[in-house]
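Generate a structure from the sequence data that follows.
(one chain, ligands or ions: 2)
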Amino acid sequence: MIIILKPGASPETVEELLAKIAALDLKPLHMPGVERTVLGAIGDERQLERLHLDSHPQVERVTRVLSPYKLVSREVHSEDSVVHVGNAAFGGGTFSVFAGPCAVESAEQMRATAEAVRAGGGHGLRGGAFKPRTSPYSFQGLGLEGLKILRDISRETGLPCVTEVVEVTDVEAVAEHADAFQVGARNMQNFRLLQSIGQSGKPVILKRGMAATLEDLLLAAEYIVAEGNKNVLLCERGIRTFERATRNTLDLSAVPYLKMHSHLPVLVDPSHGTGVRELVTPMACAAAACGADGLLIEVHHDPANALSDGAQSLFPDQFLGLMKQVAAFVKTGGRSLAT
Ligand code: PEP
Ligand code: MN
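Residues are numbered from 1 along each chain as shown. Ligands and ions are numbered 1, 2, ... in the order given. Now for the predicted structure:
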């Protein structure tokens, strides 16, 4: 960390700050100049956050050298992490696809859709039981009943399952029935929820908030890993921009950026990223080509009658087509499609 003092900062301030840096077991540097003094701190500068140097009256500017996140960063852990969800794996060269409806609606709907996912070569099942809907008048999900349907169909088909958790009080139930948590875009910065998931140890797909920067996403992941849960998968699902032709703007540059700065696997959800079923397969291929470790896809056995996100849900034969087309792009991205 570089600390630039204001012109005329007193020698006492210099001494005080150097002592504070040393007291935190960092190596202090003193660089007196003609017009102003610059101080440095060598070591894990994140320790210095608690000194609140930015607000010291004689400090002009503080420049951080390291990223604000640590446990999720490549600086600390250079190897790719591999995260297992049931018998599926993401990362370290393995590419997997989890697919299913936006929401669990009934056992019949989940069974028919899960069969389409399995027939298409999907590796896992998705389906929301607790739905965080933008409108209070939209279908809110079946709750615990939906969770049990998802678990039963997951067992029947042998596809591991992921489902969204929206409240701390539901973490235990979701951990009991599902193979992985999903934290949705609307909850990416629900820090108490992230900590609670961190304590549970189950894998988690952490979706990027619709107005979140990549640094925000990595800091949200840091909350989970800091509680001891290393099984985090980052998921790009599009951000809000001025563009209205698509539901969101899928930021695929997030994929190589996140891979460069973090060891965690990176997934892409082109269903929420575009909101248009015809755009899902091309963007899934693009995501695979730029190095994603997996996909999250909405599929419904009967999209016209889906209770949520029907317009972006693939028909079963479209999912089959996606899996066939994506294979070549997975190779381009340097990954192998899980068997
Ligand atoms: C979902 O996966 O159905 C969902 C609600 O996603 P997001 O949080 O990305 O909007
Ligand atoms: Mn959805």
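
Just list the residues touching the nearest residue to His300 once chain neighbours are set aside, thanks.
Nearest residue to His300, sequence neighbours excluded (CB to CB, 6 or more residues apart in numbering): Ser313, at 4.0 Å. From N, CA and C alone the C-beta is placed, and that goes for glycine too. The neighbourhood of Ser313, defined by CB atoms under 8 Å, 6 or more residues apart in numbering, consists of Pro101, Cys102, Ser271, Arg277, Glu298, Val299, His300, Pro303, Ala306.

Not counting sequence-adjacent ones, nearest residue to the first one?
Yep, that's Pro101 we're talking about. In space, Pro101 is closest to His300, 4.7 Å off (CB to CB, 6+ apart).

burial count for the one you found?
Counted with other CB atoms under 10 Å, residues neighbouring His300 total 28.

For it, list the residues it contacts.
For His300, the residues meeting the contact criterion (CB under 8 Å, 6+ apart) are Pro101, Cys102, Gln109, Thr113, Ala306, Gly310, Ser313, Leu314, Phe315.

Just the element for the fourth one, please.
If I follow you right, that is Thr113. With elements taken from DSSP states H and E, the one containing Thr113 is helix 107-120.

picking that back up, closest to Leu53 among the contacts of Ser313?
Checking the contacts of Ser313 against Leu53 by CB to CB gives Ser271 as the nearest, at 44.2 Å.

so that closest one makes contact with Leu295?
No - shown here, Ser271 and Leu295 do not form a contact pair, counting by CB atoms under 8 Å, at 9.1 Å.

Closest to ligand 1 out of the contacts of Ser313?
Distance to ligand 1 across those (CB to the nearest ligand atom) is lowest for Cys102, with 4.5 Å.

what sits against the closest one?
Listed by CB under 8 Å, 6+ apart, the contact set of Cys102 reads Gly127, Gly128, Lys131, Glu298, His300, Ala306, Leu307, Ser308, Asp309, Ser313.

Which of the helices or strands spans Gly141?
Counting by DSSP H and E, Gly141 is part of no helix or strand.

Going by distance to Gly120, which of the contacts of His300 wins?
For the contacts of His300, the minimum distance to Gly120 (CB to CB) is 9.0 Å, reached by Leu314.

Quick check: the residue nearest to that closest one when sequence neighbours are not counted vs Ala178, distance?
Residue nearest to Leu314 in three dimensions, not counting chain neighbours: Val299, with 4.7 Å by CB to CB, 6+ apart. Applying CB to CB, to the nearest Å, the value for Val299 to Ala178 is 18 Å.

got the residues of the stretch 201-339 of the chain near ligand 1?
Lys207, Arg237, His272 (CB under 6 Å from any ligand atom).

residues in contact with the last one?
It stands for His272. Neighbouring residues of His272 by CB under 8 Å, 6+ apart: Ala185, Arg237, Gly238, Arg247, Asn248, Glu298, Asp309, Gln312.

distance of it from Ser55?
As defined by CB to CB, His272 lies at a distance of 39 Å from Ser55.

The first one now?
Taking CB to CB as the measure, Lys207 falls 34 Å from Ser55.

how does this structure divide up, domain by domain?
The chain breaks down into these structural domains: 2-63, 83-337 (assignment by automatic domain parsing).

Report the closest residue of the stretch 101-250 of the chain relative to ligand 1.
Distance from ligand 1 to each residue of the stretch 101-250 of the chain (CB to the nearest ligand atom) is smallest for Gly184, at 2.8 Å.

Can you get me a residue count around that residue?
Taking other CB under 10 Å as the criterion, the count of residues near Gly184 is 22.
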